[in-house]
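> how would this look folded up:
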Amino acid sequence: MRKITLNIATSLDGFIEGPNGEIDWCLNDQDYGLTEFSDDTDALFMGRKSYELIAQVGLGFFEDKSLYVFSDTLSPNEHFGINIIRKANFLNFVQNFRQQEGKNIWFFGGADLLASFMAENLVDEFLISVHPIILGGGKLLFQPLKDKLDLMLINHKSYSSGLVQLRYIIPPKFDLSLLDM
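Sure thing, here's the model as predicted:
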């Protein structure tokens, strides 16, 4: 099954964009493992706002990926080359897509979309690049969850810029009743 990995930049205080939607605080002075990560993916899932942001600056890094934008407002006739997934179809689409042949899936962005994916337990891995800045306001990465979510750190890397990259998975659940006590 194809893995869905959230790969996203955040400030130290947990914001993915500043108070006015700005992302100019994101460090881009080096690769930060992005090329290696990208080579292992062939599809991007993102919300409408994330898509509009990258469409403004140019798709560049994403041109060789299949883009899936989850939106009820975008028109397929106006956005050629992307696949628009409607909210009513999102769960079935994602479950079926994960079963298809291909590389892993990069969940690129959208805090609202992320909340929907997390509510359905669709995110397998979290690759969070914590930038050495405190924004003090903006859009939080994680919205309130119904239940807590335990994560297991499987890797971390520090860069000379002060950026720290954290890789988490959801740990497997163990059936304690199977233990012979």
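> what about the strands in the protein?
Taking DSSP state E, the strands of the chain run over residues 4-11, 15-17, 41-47, 66-70, 82-85, 104-109, 125-131, 139-140, 152-158, 164-169.
> Dump these into TSV; add mean neighbour count as well.
Heads up, the C-betas are built off the backbone N, CA and C, glycines and all. TSV is the format used below for these (neighbours: other C-beta atoms under 10 Å):
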stretch	mean neighbour count
strand 4-11	21
strand 15-17	23
strand 41-47	22
strand 66-70	21
strand 82-85	18
strand 104-109	24
strand 125-131	19
strand 139-140	17
strand 152-158	11
strand 164-169	17
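> With distance to M118 and mean pLDDT as extra columns, can I get those in TSV?
Formatted as TSV, the strands of the chain follow (distance: least, C-beta to C-beta, whole Å; pLDDT from 0 to 100):
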stretch	distance to M118	mean pLDDT
strand 4-11	9	96
strand 15-17	14	94
strand 41-47	13	94
strand 66-70	14	92
strand 82-85	17	89
strand 104-109	10	93
strand 125-131	10	97
strand 139-140	13	94
strand 152-158	16	97
strand 164-169	13	98
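> how about those strands, which one is nearest L27?
strand 125-131 (5.7 Å; C-beta to C-beta).
> Export the strands of the chain as a markdown table, with columns for distance to A119.
Listed next are the strands of the chain as a markdown table, based on distance: least, C-beta to C-beta, whole Å:
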| stretch | distance to A119 |
| --- | --- |
| strand 4-11 | 14 |
| strand 15-17 | 18 |
| strand 41-47 | 14 |
| strand 66-70 | 13 |
| strand 82-85 | 16 |
| strand 104-109 | 14 |
| strand 125-131 | 15 |
| strand 139-140 | 16 |
| strand 152-158 | 20 |
| strand 164-169 | 18 |
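> Quick one, which of the ones you listed gets closest to Q95.
Closest approach to Q95 among those (C-beta to C-beta): strand 4-11, 10.9 Å.
> partners of that closest one, with directions?
Strands that pair with strand 4-11, judged by DSSP bridges, come out as strand 104-109 (parallel), strand 125-131 (parallel).
> Dump those to a markdown table, plus distance to L74.
Putting those into a markdown table (distance: least, C-beta to C-beta, whole Å) gives the following:
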| stretch | distance to L74 |
| --- | --- |
| strand 104-109 | 15 |
| strand 125-131 | 26 |
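> Out of those strands, the one nearest P19 is which?
Using C-beta to C-beta as the measure, strand 125-131 is the one of the strands paired with strand 4-11 that comes nearest P19, at 15.8 Å.
> Can you get me the centre-to-centre distance for that closest one and its chain?
Mean-position distance between strand 125-131 and its chain equals 9 Å (C-alpha atoms, centre = their mean, to the nearest Å).
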